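J.: I would like the atomic coordinates for the input below:
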Amino acid sequence: MLGGSRRTDVADAAVATHPAPVATIDATPTDAVTPPAAQAPHTPLPPTTARASLPEAPSPAPVLAAVPAAPTPPAGDPVPLADIQHELLPTQPIATAVAPSALYLQSPEHPALLHTDVNQGIERLRGTAARVVSNMEASLEVPTATSVRTIPAKLLMDNRVVMNNHLARTRGGKVSFTHLIGYAIVEALAEYPAMNVCYTTQDGKPAVATPSGVNFGLAIDMTKPDGQRQLLVPNIKAADDMDFAQFWTAYENVVRHARVGTLQPSDFQGTTISLTNPGTIGTVHSVPRLMQGQGAIIGVGAMDYPAEYQGASFETIARLGVSKVLTLTSTYDHRVIQGAQSGEFLGLVHKKLLGLDGFYDRVFVALRVPYEPVRWVADANTDEDAELAKPARIAELIHAYRSRGHLMADVDPLSSRPRRHPDLDVQTHGLTLWDLDRIYSTGGFAGKQRWKMREVLGRLRDAYCRTVGV
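T.: Okay, here's the model as predicted:
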């Protein structure tokens, strides 16, 4: 038959041209069997002649997936198309384009796309925005360097909880992490005045100026009614002469005036060092610009668990004793402050935030919190036997509060002295701040068979160590 003869010619030519394993090609069976205008008797040809006699067959594609070649049939027998079809078809399914489902792809004229809040064109910067430009350009003349230090935030968080719980029961208000970090920086500046300096000139010669006190600048990000952002940096005058309660009040007053737009030019004058906290929007590490007239600017990063633990469960984190951390950066004027000084300064702030110099004791006294702050201590190297003994220690702690918790009660409204008793200290019972978030057997205390030690301690203090009366 004519059709069978043509198929035999195609198969013979393919075998003669590629005796090696057959590759997947782009031609379809319809393309492969399209006959020429005339047919000569079948005669095996050399490879070059076979190519010349089949102009319709496309060249094979590069080898993608080799498959074993089929045996060469006798010259006179026709080869059924089904036997070679698998060699001519692609080995992978051909992807089919799908119509776009997003509105902006389907219809560029969709009403949702026609609406925009972006004002096209060029707008001249005026007022505060223009002054920011001038300050940023002037800051380029300051040669800066940056020191970085990562600090565990466990103690900072736990002591803040104690403060805010007491404030909620008494005078009201709320202490933020920035309040505590800012005051730790102010205390460190009072102890390390080499960081509270700035570069100047005298008679055209380089000089260093040492101010009489710390005017502590606060970088405040404002959102204007039109949605644009504005950065203001007022300062707290003579912050180093304040205790924490005074600093807290002054801080809140400055922020309130900034929010309502009642800041005065004097609020911006004389800043000696600034604090910026991009951690509130999740920034981990910041290197801010340093303005002329200041010696340093301190950046506070986001407070979170180290990245390698952010996928772990809270139970695993508590068991391993992993703390949230925050990153502090000190960007300083390298003309008057050296890297060693900046590093030592951050080390001093680190020491304060761990409470190693009585920082939290001073804060508690200033806020009239009548309790002892949580103390920093390394987590004990525990084994299975030690963990099995923890429920017994919890039972001892519960008994101690039931017997002597009244000795720490706030029964004198005219006095705010800290009240403490060694039997009411968790460390006396072999427990630490790292055990606060661990779950232990409580023997049915407060109707719970198992409870976090933090919840147990809170319930005990609420029952035995608060005020008398309503």
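
J.: so where's this protein shaky on pLDDT?
T.: Applying pLDDT under 70 to the chain flags the ranges 1-119, 382, 469-470.

J.: again, 80 this time
T.: Where the chain drops to pLDDT under 80, the residues are 1-120, 127-129, 132, 224, 226-228, 381-386, 412-418, 468-470.

J.: what segments of the stretch 201-350 of the chain are helices?
T.: 244-260, 314-320, 339-353 (DSSP state H, counting those that start in this stretch).

J.: apologies, that question was intended for the stretch 351-470 of the chain.
T.: 359-366, 384-404, 453-464.

J.: next, the angle helix 244-260 makes with the shortest one.
T.: Relative orientation of helix 359-366 versus helix 244-260 (axes from the mean of the first three to the mean of the last three Cα atoms, to 10 degrees): 80 degrees.

J.: same check on the longest one?
T.: Relative orientation of helix 384-404 versus helix 244-260 (the same axes, to 10 degrees): 100 degrees.

J.: packing partners of helix 384-404?
T.: Based on contacts counted as 3 or more Cβ pairs under 8 Å, 6 or more residues apart in numbering; DSSP states H and E, the elements that helix 384-404 packs against are strand 439-441, helix 453-464. Heads up, the C-betas are built off the backbone N, CA and C, glycines and all.

J.: can you give me the offset of the first one from its chain's centre?
T.: Spelled out, that is strand 439-441. 31 Å (Cα atoms, centre = their mean, to the nearest Å).

J.: same check on the longest one?
T.: Taking Cα atoms, centre = their mean, the mean C-alpha location of helix 453-464 is offset from the chain mean by 32 Å.

J.: next, the buried residues of stretch 326-341.
T.: 326-337, 341 (16 or more other Cβ atoms under 10 Å).

J.: now swap in stretch 349-367 and tell me
T.: For stretch 349-367, by 16+ other Cβ under 10 Å, it's 349-355, 359-360, 362-367.

J.: quick one: contacts of that stretch?
T.: 149, 151-153, 155-156, 159, 162-163, 166-167, 175, 180-181, 183-185, 187-188, 243-246, 248, 328, 371-376, 416, 418 (Cβ atoms under 8 Å, 6 or more residues apart in numbering).

J.: can we see that at 7 Å?
T.: 149, 151, 155-156, 159, 163, 184-185, 187-188, 243-245, 328, 371, 373, 375-376, 418 (Cβ atoms under 7 Å, 6 or more residues apart in numbering).

J.: now swap in stretch 438-447 and tell me
T.: 318-319, 390-391, 394-395, 398, 448-453, 456, 459.

J.: most tightly packed of the helices of the stretch 351-470 of the chain?
T.: helix 359-366 (a mean of 21; mean count of other Cβ atoms under 10 Å).

J.: gap between Leu231 and Lys224?
T.: 11 Å (Cβ to Cβ, to the nearest Å).

J.: and the two? Which one has more around it.
T.: Leu231 (14 against 10; other Cβ atoms under 10 Å).

J.: what's near enough to touch that one?
T.: Val132, Ala219, Asp221.

J.: and it, what are its bridge partners?
T.: Asp221 (DSSP bridges).

J.: sorry, back to before: which of the helices of the stretch 201-350 of the chain is buried the deepest?
T.: Using mean count of other Cβ under 10 Å, helix 339-353 ranks as the most buried of the helices of the stretch 201-350 of the chain, with a mean of 19.

J.: and it, how far out from the chain middle?
T.: 23 Å.

J.: can I get that helix as CSV, trimmed to CA atoms?
T.: In CSV, the C-alpha atoms belonging to helix 339-353 read as follows (Å, rounded to 0.1, in the frame of the first residue of the first chain):
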residue,chain,number,x,y,z
GLY,A,339,35.4,52.2,69.0
ALA,A,340,36.7,50.9,72.4
GLN,A,341,34.7,53.6,74.2
SER,A,342,31.5,52.8,72.3
GLY,A,343,31.9,49.1,73.0
GLU,A,344,32.5,49.7,76.7
PHE,A,345,29.5,51.9,76.8
LEU,A,346,27.2,49.3,75.3
GLY,A,347,28.7,46.8,77.7
LEU,A,348,27.7,49.0,80.6
VAL,A,349,24.1,49.3,79.2
HIS,A,350,24.1,45.5,78.9
LYS,A,351,25.1,45.2,82.6
LYS,A,352,22.3,47.5,83.7
LEU,A,353,19.6,45.7,81.7
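
J.: among the helices and strands packed on helix 384-404, which is nearest Gly121?
T.: Gly121 lies closest, by Cβ to Cβ, to one member of those: helix 453-464, at 56.7 Å.

J.: hmm, who's touching the closest one?
T.: Counting by Cβ under 7 Å, 6+ apart, 394, 398, 401-402, 405-406, 409, 431, 435-438, 440, 442, 445-446 sit against helix 453-464.

J.: just stretch 403-418 next, same as before
T.: Against stretch 403-418 from outside (Cβ under 7 Å, 6+ apart): 364, 368, 370-372, 419-421, 423-424, 460, 464-468.

J.: one more pass at 6 Å, please.
T.: Arg368, Pro370, Glu372, Arg419, His421, Asp423, Leu424, Tyr464, Cys465, Thr467, Val468 (Cβ atoms under 6 Å, 6 or more residues apart in numbering).

J.: identify the farthest-apart pair in those.
T.: Maximum distance among those (Cβ to Cβ): 24.1 Å, for Arg368 and Asp423.

J.: follow-up on the earlier one: now the contacts of stretch 403-418 as TSV including distance to Arg259?
T.: Formatted as TSV, the contacts of stretch 403-418 follow (distance: Cβ to Cβ, whole Å):
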residue	distance to Arg259
Arg368	27
Pro370	33
Glu372	36
Arg419	38
His421	44
Asp423	47
Leu424	42
Tyr464	41
Cys465	37
Thr467	34
Val468	39
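
J.: name the nearest of those relative to Ala258.
T.: For those, the nearest to Ala258 is Arg368 (27.8 Å; Cβ to Cβ).

J.: where's the closest residue to Thr432 other than its chain neighbours relative to Ala188, distance?
T.: The shortest distance from Thr432 to any non-neighbouring residue, by Cβ to Cβ, 6 or more residues apart in numbering, is to Val377 (5.0 Å). Between Val377 and Ala188 the computed distance is 22 Å (Cβ to Cβ).

J.: neighbour-wise, which of the two wins?
T.: Ala188 (25 against 13).

J.: sec struct for the more buried one, please.
T.: Of the three states, Ala188 takes helix according to DSSP: H, G, I helix; E, B strand; the rest coil.

J.: is it true that it touches Glu344?
T.: No. Counting by Cβ atoms under 6 Å, Ala188 stays clear of Glu344, with 9.7 Å between them.

J.: re the thing from before, could you flag which of the contacts of stretch 349-367 are buried?
T.: 149, 151, 155-156, 159, 163, 184-185, 187-188, 244, 328, 371, 373, 375-376.

J.: from those residues, which is closest to Ile236?
T.: Nearest to Ile236 among these, with distances taken as Cβ to Cβ, is Ile185, at 11.4 Å.

J.: so that closest one is in which element?
T.: Assessed by DSSP states H and E, Ile185 sits inside helix 177-191.

J.: what residues does that helix touch?
T.: Contacts of helix 177-191 (Cβ under 6 Å, 6+ apart): 195-196, 214, 216, 239-240, 244, 247-248, 275, 277, 298, 300, 348-349, 352-353.

J.: let's see it at 7 Å
T.: 156, 160, 195-196, 214, 216, 239-240, 244, 247-248, 251, 273, 275, 277, 298, 300, 303, 345, 348-349, 352-353, 359.
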